[in-house]
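Student: Sequence plus the predicted model coming up.
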Amino acid sequence: MNVNDILTQANSNMFSIWFLIGAALVFFMQAGFAMVETGFTRAKNAGNIIMKNLMDFCIGTVVFLFLGFGLMMAEDTVMGLVGIPNLDLFTNFAEFNWSSFVFNLVFCATAATIVSGSMAERTKFNAYLIYSAVISAVIYPIEAGWIWNGGGWLFNLGYVDFAGSSAIHMVGGLSAFIGAAILGPRIGKYTKDKNGKTLVNAIPGHSITLGALGVFILWFGWYGFNGAACTSVEQLAQVFGTTTISAGFATVTTMLFTWFKNGKPDVSMTLNGSLAGLVAITAPCANVDATGAVIIGIVGGFLVVFAVEFIDMKLHVDDPVGAVAVHGVNGIWGTLAVGLFGIYDTGSVTKGLFYGGGLRQLGIQLLGVACILLWTAVTITITFIIIKKTIGLRVSSEEEMEGLDIKEHGLASSYADFMPAGNMYYSAGSSLISSAVPAAAERPANPAPPAAPASERKEAMPASENKISKVTIITRQDKLEELKNEMNKIDVTGMTVTQVMGYGLQKGQIQVYRGVPVETNLLPKVQVDIVVSKVPVSEVLNAARRALYTGNIGDGKIFVYSVTDVVKVRTGETGFDALQGED
């Protein structure tokens with residue numbers, strides 16, 4: 001064997017291995033989808049969402065094994081429209097193409113899981129399993145076979161979708177839109193004012209952190225998603241480059257656009273911007289240059305914002321994670337972009353419009369997109385209607401309000417034993433320590449609060465065993481350390497601290513979540529409860545005002561209550577005696 005033969009064989013083996021490694025990366029994207037959907041929805045449904053993202057892959061494996069793979073990749077087809085299943089994986093195990101099966105399986109699961117996000121928080125679990133199975137068994141395999149099976153009619157026409165902008169993302173996005181529309185919005189998402197006008201209400205997700213983790217996992221996995229089918233180092237490098245460029249420019253575009261539009265950069269929308277850029281470059285990743293990738297990413301970054309807000313505010317279709325905008329709209333854009341920015345003339349594929357190829361490739365891309373959309377719309381609509389008329393598609397109002405974790409899975413909480421108490425701990429001496437808050441000496445001193453008018457001043461009350469008072473202070477979290485120091489100065493060291501959410505008459509600060517104003521923004525506060533008898537209440541009030549006063553809205557409020565009695569559990573002492581050594 002000569003040197004060229006050795007290199008050819010090595011290259012062939014290397015990319016056969018890379019093909020399977022890429023498939024593993026695509027499988028890992030299931031974790032990314034699970035984290036994005038969980039983070040962008042409410043905690044009471046987290047377990048249900050994790051279960052769905054696990055089962056759509058596992059159910060998909062079963063149906064794809066017996067039916068889907070044959071419909072998609074069978075050598076014999078009916079006019080290039082559908083493969084003829086032959087179950088070679090059972091009858092001809094030794095010669096069966098396992099690499100192709102595994103590779104196509106993980107992509108199939110991706111198409112099914114996209115739908116989960118738009119229908120989250122109100123879909124029956126058994127209904128989800130059924131429509132997920134239908135997508136994996138029939139809907140996805142047939143249209144994907146048109147594109148990637150060597151006998152598929154779109155493949156032979158010269159249609160280009162290198163990694164699935166249309167075959168996977170557009171199909172998942174359209175299915176998500178139809179499903180969410182038939183299912184209806186979450187309770188409280190849309191309400192009517194006194195004039196009958198529809199009001200759009202934001203329902204923020206419970207963990208942007210989980211959502212961001214999911215996006216990073218997806219971006220990482222996308223290098224396998226787009227690059228697994230590459231057959232040379234040069235092509236793989238091109239795909240890695242265009243994928244990164246598009247995602248990066250889309251993210252920056254979304255951040256700047258939401259910043260300009262809303263006054264602040266929108267975190268969740270910017271995360272969606274990253275995914276939009278990845279979806280848009282998926283079809284043309286191996287067919288465009290850096291300039292094309294930049295433009296594709298920028299347009300994708302704008303599109304995701306426009307689409308999310310249009311679907312939510314105009315169409316009033318409730319899509320909690322923005323799946324329709326990210327996958328559906330940008331899947332269409334990325335597929336059509338091949339006909340605009342394609343740089344290669346190879347066989348039946350021609351250059352894009354902006355690179356001198358005319359309208360031919362764009363026309364083929366438009367035809368393919370239209371046919372895939374029509375196939376998907378008809379089949380998924382029939383599926384959803386049958387489910388709705390039989391077992392039902394949506395949970396009851398009671399189940400939705402209580403959460404799908406408890407009602408569908410008997411899971412009391414996905415965060416059992418977890419209480420968000422911040423970085424606050426008590427030392428052995430009952431002195432409150434807050435590691436998250438800098439010491440008072442590290443911050444500028446607060447201006448002194450204005451003195452109360454003479455007519456309102458009260459003298460310190462003498463200690464009396466018959467007078468026990470409870471002082472409740474609600475204030476900013478970052479004032480806790482200073483409040484503790486002021487209480488120590490007047491010998492008040494016993495206090496109970498609780499993290500709470502709330503607002504005053506100003507209803508917090510006006511914020512925007514995914515383009516929708518959050519009318520009532522509950523701000524994080526701390527509630528400090530102090531019971532005193534020996535220390536005069538007036539001293540506690542004055543010390544608290546010294547610590548908390550800034551002169552700005554949101555300094556907090558102090559409430560004083562009379563306490564009828566106190567019982568020390570350990571000794572049985574009551575009243576004044578029960579508090580000795582405690583305050």
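Tutor: Received the coordinates, thanks. It should be emphasised that the depicted structure is a prediction, and the values quoted were computed from it without experimental measurement.
Student: List the buried residues for the host helix or strand of residue 382?
Tutor: Element membership for residue 382 (DSSP states H and E) is helix 360-389. Buried residues in helix 360-389, counted by 16 or more other C-beta atoms under 10 Å: 360-362, 364-365, 368-369, 371-373, 375-376, 379-381, 383-384, 387. All C-beta spots, glycine's among them, are computed from the backbone N, C-alpha and C.
Student: Packing partners of it?
Tutor: Packing contacts for helix 360-389, counted by 3 or more C-beta pairs under 8 Å, 6 or more residues apart in numbering; DSSP states H and E, involve helix 125-134, helix 140-148, helix 153-157, helix 171-183, helix 330-341.
Student: Mind listing residues that contact the third one?
Tutor: When you say that, I think you mean helix 153-157. Applying C-beta atoms under 8 Å, 6 or more residues apart in numbering, the contact partners of helix 153-157 are 79, 80, 81, 146, 147, 148, 149, 348, 364, 367, 368, 371.
Student: want to try JSON lines for those residues, with pLDDT and distance to residue 192 as columns?
Tutor: Shown next, in JSON lines, are those (pLDDT from 0 to 100; distance: C-beta to C-beta, whole Å):
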{"residue": "79", "pLDDT": "84", "distance to residue 192": "51"}
{"residue": "80", "pLDDT": "83", "distance to residue 192": "50"}
{"residue": "81", "pLDDT": "90", "distance to residue 192": "47"}
{"residue": "146", "pLDDT": "96", "distance to residue 192": "44"}
{"residue": "147", "pLDDT": "96", "distance to residue 192": "44"}
{"residue": "148", "pLDDT": "94", "distance to residue 192": "47"}
{"residue": "149", "pLDDT": "92", "distance to residue 192": "50"}
{"residue": "348", "pLDDT": "90", "distance to residue 192": "54"}
{"residue": "364", "pLDDT": "97", "distance to residue 192": "46"}
{"residue": "367", "pLDDT": "97", "distance to residue 192": "42"}
{"residue": "368", "pLDDT": "97", "distance to residue 192": "41"}
{"residue": "371", "pLDDT": "97", "distance to residue 192": "39"}
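Student: could I get the helices and strands packed on helix 360-389 as JSON lines with distance to residue 557 and mean neighbour count?
Tutor: Shown next, in JSON lines, are those (distance: least, C-beta to C-beta, whole Å; neighbours: other C-beta atoms under 10 Å):
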{"stretch": "helix 125-134", "distance to residue 557": "44", "mean neighbour count": "20"}
{"stretch": "helix 140-148", "distance to residue 557": "57", "mean neighbour count": "26"}
{"stretch": "helix 153-157", "distance to residue 557": "66", "mean neighbour count": "18"}
{"stretch": "helix 171-183", "distance to residue 557": "42", "mean neighbour count": "26"}
{"stretch": "helix 330-341", "distance to residue 557": "47", "mean neighbour count": "27"}
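Student: Which of those sits closest to residue 285?
Tutor: Closest approach to residue 285 among the helices and strands packed on helix 360-389 (C-beta to C-beta): helix 330-341, 8.8 Å.
Student: average pLDDT for that closest one?
Tutor: Taken as a whole, helix 330-341 carries a mean pLDDT of 98.
Student: which regions of the stretch 451-583 of the chain sit below the pLDDT cut-off?
Tutor: Flagging of the stretch 451-583 of the chain using pLDDT under 70 yields the residue ranges 451-466, 493, 503-511, 513-514, 518-522, 581-583.
Student: same thing but 50
Tutor: Applying pLDDT under 50 to the stretch 451-583 of the chain flags the ranges 453-465, 582-583.
Student: hey, where'd the strands end up in it?
Tutor: 469-476, 496-502, 511-513, 516-518, 523-532, 557-562 (DSSP state E, counting those that start in this stretch).
Student: can you redo the ones you listed as CSV with mean neighbour count and distance to residue 167?
Tutor: Shown next, in CSV, are those (neighbours: other C-beta atoms under 10 Å; distance: least, C-beta to C-beta, whole Å):
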stretch, mean neighbour count, distance to residue 167
strand 469-476, 19, 51
strand 496-502, 13, 44
strand 511-513, 17, 32
strand 516-518, 17, 32
strand 523-532, 20, 44
strand 557-562, 12, 58
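Student: returning to what we had before: just put the helices and strands packed on helix 360-389 in a markdown table and tack on distance to residue 410.
Tutor: Formatted as a markdown table, the helices and strands packed on helix 360-389 follow (distance: least, C-beta to C-beta, whole Å):
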| stretch | distance to residue 410 |
| --- | --- |
| helix 125-134 | 12 |
| helix 140-148 | 32 |
| helix 153-157 | 46 |
| helix 171-183 | 23 |
| helix 330-341 | 37 |
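Student: I'd like to know which of those helices is closest to residue 402.
Tutor: helix 125-134 (14.6 Å).
Student: Tell me how far residue 525 lies from residue 534.
Tutor: For residue 525, the distance to residue 534 equals 28 Å [C-beta to C-beta, to the nearest Å].
Student: Could you do residue 14 as well?
Tutor: With distances taken as C-beta to C-beta, residue 14 is found 80 Å from residue 534.
Student: With residue 526 instead?
Tutor: 24 Å.
Student: next one: residue 371
Tutor: Distance from residue 371 to residue 534, by C-beta to C-beta: 83 Å.
Student: ok, longest helix in the protein?
Tutor: Looking across the chain with DSSP state H, the single longest helix is helix 3-39.
Student: tilt between the helix or strand just after that helix and helix 3-39?
Tutor: Following helix 3-39 in sequence order, the next helix or strand is helix 46-63 (DSSP H and E). On the basis of axes from the mean of the first three to the mean of the last three C-alpha atoms, to 10 degrees, helix 46-63 is oriented at 140 degrees to helix 3-39.
Student: all helices of the stretch 201-350 of the chain, in order?
Tutor: Remark: helices assigned in the stretch 201-350 of the chain by DSSP state H, counting those that start in this stretch are 208-227, 233-262, 267-282, 290-309, 323, 330-341.
Student: Now distance to residue 156 too, for those, in TSV please.
Tutor: Converted to TSV, those look like this (distance: least, C-beta to C-beta, whole Å):
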stretch	distance to residue 156
helix 208-227	23
helix 233-262	22
helix 267-282	21
helix 290-309	25
helix 323	31
helix 330-341	16
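Student: Looking at residue 14 and residue 534, which is more packed in?
Tutor: Neighbour count, other C-beta atoms under 10 Å: between residue 14 and residue 534, residue 534 has more, with 17 against 12.
Student: The more buried one and residue 307, how far apart?
Tutor: 64 Å.
Student: now swap in residue 532 and tell me
Tutor: 57 Å.
Student: With residue 286 instead?
Tutor: 26 Å.
Student: Check residue 401 too.
Tutor: 29 Å.
Student: When the two are compared, which one has more neighbours?
Tutor: Neighbour totals were compared for residue 401 and residue 307, and residue 307 leads with 22 against 13 (other C-beta under 10 Å).
Student: so who does the closest residue to the more buried one other than its chain neighbours touch?
Tutor: Among residues not flanking residue 307 along the chain, residue 325 sits closest, at 3.4 Å (C-beta to C-beta, 6 or more residues apart in numbering). Listed by C-beta under 8 Å, 6+ apart, the contact set of residue 325 reads 173, 272, 276, 303, 304, 307, 308, 311, 319.
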